[in-house]
Each structure stands twice: as structure tokens, then as C-alpha cells.
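1. Sharing a model that was predicted from the sequence below.
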Amino acid sequence: MERLLTVIRNKYLIAGAAFFVWMCFFDRYDLGTQFAYQQEKTKLEGEKVFYVTEIERMEKSVKDLQSNPSEIQRIARERYKMKKDNEDIYMVKEVEAKE
């Protein structure tokens, strides 16, 4: 019992324990904040991967548009509903059945 009291009264142990508690729970970068930062980092890395692949896809599309006239015609017909003279366009839309 005497030995335990001397260990508890040790000023270095008390200071070390107080420092540990302060750093884990009360500091600006405590454990909860670090966990939140790690989650945000993971989410942002996932978004980065998505946007990098999207940029690559768009660059390929732009390259195709600059070099391929049939691609330009396809885009004009699909997106902007353009047509040639004496040509009829029929648009078919799928309708979901109501239960």
C-alpha cells in the first residue's frame, strides 16, 4: 500500500497522465477530431478518383469530337435534335407502368 501511494504521488507520473488526458480529449487535435479528419480525407480521396476518371473520359470525348466528323454528327443528332433536310425524327420514350 505504501508503495502504491508513492507511485501515485510521483509528480512526473501525475504530469505525464495529465498531459496524456489533455492531448487525447481536450486538445485542438484530440482523438475525435483526428477521426473526423480521417473520414473526410477518405471521402475526398474517393471523390478525387471519380473526378480524375471523369476528366479522362471528357478529354477522350473532346479528342474524338475534334478529329471525327461522324462523332460530331452523332452528338448533334442525339443532344441537340438536329436533322438533315427531308428527314423525319421519331423520338421514343419509355414509360414506366403504374401499379
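-> Happy to help now that I have it.
2. max-length helix in the protein?
-> In the chain, ranked by residue count with DSSP state H as the criterion, the top helix is helix 31-67.
3. Now tell me what touches whichever helix or strand comes after that one from outside.
-> In the C-terminal direction, the helix or strand that comes right after helix 31-67 (DSSP states H and E) is helix 69-80. The contact list for helix 69-80, computed with CB atoms under 8 Å, 6 or more residues apart in numbering, reads 64-65, 82-83. For glycine as for every other residue, the C-beta is placed from the backbone atoms N, C-alpha and C.
4. Alpha carbons of helix 69-80, as PDB, please.
-> Presented in PDB, the C-alpha positions along helix 69-80 are these (Å, rounded to 0.1, in the frame of the first residue of the first chain):
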ATOM      1  CA  PRO A  69     -16.800  14.300 -88.200                       C
ATOM      2  CA  SER A  70     -19.200  11.400 -87.700                       C
ATOM      3  CA  GLU A  71     -18.900  11.800 -83.900                       C
ATOM      4  CA  ILE A  72     -19.800  15.500 -84.300                       C
ATOM      5  CA  GLN A  73     -22.900  14.500 -86.300                       C
ATOM      6  CA  ARG A  74     -23.900  11.900 -83.700                       C
ATOM      7  CA  ILE A  75     -23.700  14.400 -80.900                       C
ATOM      8  CA  ALA A  76     -25.600  16.900 -82.900                       C
ATOM      9  CA  ARG A  77     -28.400  14.400 -83.600                       C
ATOM     10  CA  GLU A  78     -28.600  13.000 -80.100                       C
ATOM     11  CA  ARG A  79     -28.200  16.000 -77.900                       C
ATOM     12  CA  TYR A  80     -29.500  18.900 -80.000                       C
END
